[in-house]
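In: fold the following for me, if possible:
(one chain, ligands or ions: 1)
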Amino acid sequence: MPLPGELPHGLAIVGIGPGRREYMTGRALKVIAGADYIIGNDSYLDPLEPLLTGKQVIRSSMGKEVERAKKAIELARSHKVAIVSGGDAGVYGMAGIVLEVLEHSGADIPVEIVPGVTAANAAASVVGSPLSGDFSVISLSDLLTPLEQIERRLDAVFSIGIPVVLYNPKSQGRPHNFAIAIGHARKYLAVTTPIAIVKNALRESGNDTIITTLGDIETVWDTVDMHTTVIIGGSESRIWRQGEHVKGIITPRGYHHKYVY
Ligand code: SAH
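Out: Numbers count the residues shown, from 1 in each chain. A predicted model of the protein is given here:
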């Protein structure tokens, strides 16, 4: 079956990864290159600038996702449209809302979802291997999910001791959710549990990383913001050192139970 990128019209929802061309998939580059219209908000479009020449570019703003989805669907009836989304389009990204609006519209247009490197993978890659086995991902944004529901989820995942990746950990509008999440973690995990705070993972600007522990997190509290992904290790995670240097976090997958190395 031909993908929408090869058809005369249709809609592609493209995950562009952390925002650097070399971390985009070949498919994402190809679909963007073939599109007539590119839709996205400024922070996602700016790193793509060299790819946008000769295209109709529609810049949208944060919080206008439904409007953006409707516009993209309208245009995709007769053009090739790529709607870009940071990281993976399906992880707190545009894919879900676009599909919901499309379903509601009843329009029968070809759709392709192009996956991208999500923040959990980008952040994990710069601090070792904290997510080697089972892990979970929770967003602390209560704009679309009630805080009580977020708290129930946090409690559940911390209680089973797997690493937890926090998206949208802190913003000026809701500075307290991060403290609430740490409170839930402390009910179940040791103070020595490693935590990675990764800002701007794999972005052009360069990333900042801090490795700390659940007991010491208050000392680096202010570094956590909306450009940050926080990885809280699980019950088996440990600090990874090379010589004297703290390099990151390792969560053993379990090979040591079976092999000698
Ligand atoms: N669809 C995106 C996530 C959007 S939610 C993805 O798959 O990555 C926005 C949150 O993602 C931010 O608040 C931050 O927690 C995280 N994030 C996105 N890009 C990041 C990056 N390069 N470095 C660190 N965190 C990032």
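
In: okay, and the beta partners of the closest residue to the ligand within the chain?
Out: Nearest to the ligand, among the residues of the chain, is Gly87, at 2.0 Å (C-beta to the nearest ligand atom). Every residue, glycine included, has its C-beta placed from N, CA and C. Bridge pairing for Gly87 (DSSP bridges) gives the partners Gly17.

In: and the pLDDT at it?
Out: In the prediction, the pLDDT value recorded for Gly87 is 98.

In: now do the one 3 residues further on
Out: The pLDDT attached to Gly90 in the predicted structure is 97.

In: and Leu3, by the same measure?
Out: 56.

In: what parts of the protein come near the ligand?
Out: 18, 85-88, 91-93, 118-119, 122-123, 167-169, 198, 200-203, 226-229 (C-beta under 6 Å from any ligand atom).

In: change it to 8 Å
Out: Residues of the chain found near the ligand (C-beta under 8 Å from any ligand atom) are 15, 17-19, 85-93, 116-120, 122-123, 139, 141, 166-169, 171, 198-203, 207, 226-230.

In: could you pick out the buried ones from those residues?
Out: 15, 17-19, 85-93, 116-120, 122-123, 139, 141, 166-169, 198-203, 207, 227-230 (16 or more other C-beta atoms under 10 Å).

In: the residues you listed in strands, which ones?
Out: Members of these lying in strands (criterion: DSSP state E): Gly15, Ser85, Ser139, Leu166, Tyr167, Val198, Lys199, Thr228, Thr229, Val230.

In: lowest-confidence entry in these?
Out: Ser85 (94).

In: so where do the strands sit in the stretch 151-261 of the chain?
Out: Along the stretch 151-261 of the chain, the segments classed as strands by DSSP state E, counting those that start in this stretch run 164-167, 194-199, 208-213, 228-232, 238-242, 245-250.

In: check these for me and report the most buried one.
Out: Sort those by mean neighbour count, taking mean count of other C-beta atoms under 10 Å, and strand 228-232 sits at the top with a mean of 27.

In: how about the residue of the chain closest to the ligand, what does it touch?
Out: Gly15, Ile16, Gly17, Pro18, Gly93, Gly116, Val117, Thr118, Ala119, Ala122 (C-beta atoms under 8 Å, 6 or more residues apart in numbering).

In: this protein: helices as residue ranges?
Out: Along the chain, counting by DSSP state H, helices occupy 26-34, 42-45, 65-76, 94-105, 119-125, 147-159, 177-188, 255-258.

In: now do the fifth one: everything it contacts.
Out: Yep, that's helix 119-125 we're talking about. By C-beta under 8 Å, 6+ apart, helix 119-125 touches 17-18, 23, 87, 91, 130-131, 135, 137, 165, 167, 196, 198, 201-202, 229, 231.

In: kindly report the same for the second one.
Out: Identification of contacts with helix 42-45 by C-beta under 8 Å, 6+ apart yields Ile16, Gly19, Ile38, Leu52, Val57, Arg59, Ser61, Val84, Ser85, Gly86.

In: buried residues, it. List them.
Out: Tyr44, Leu45.
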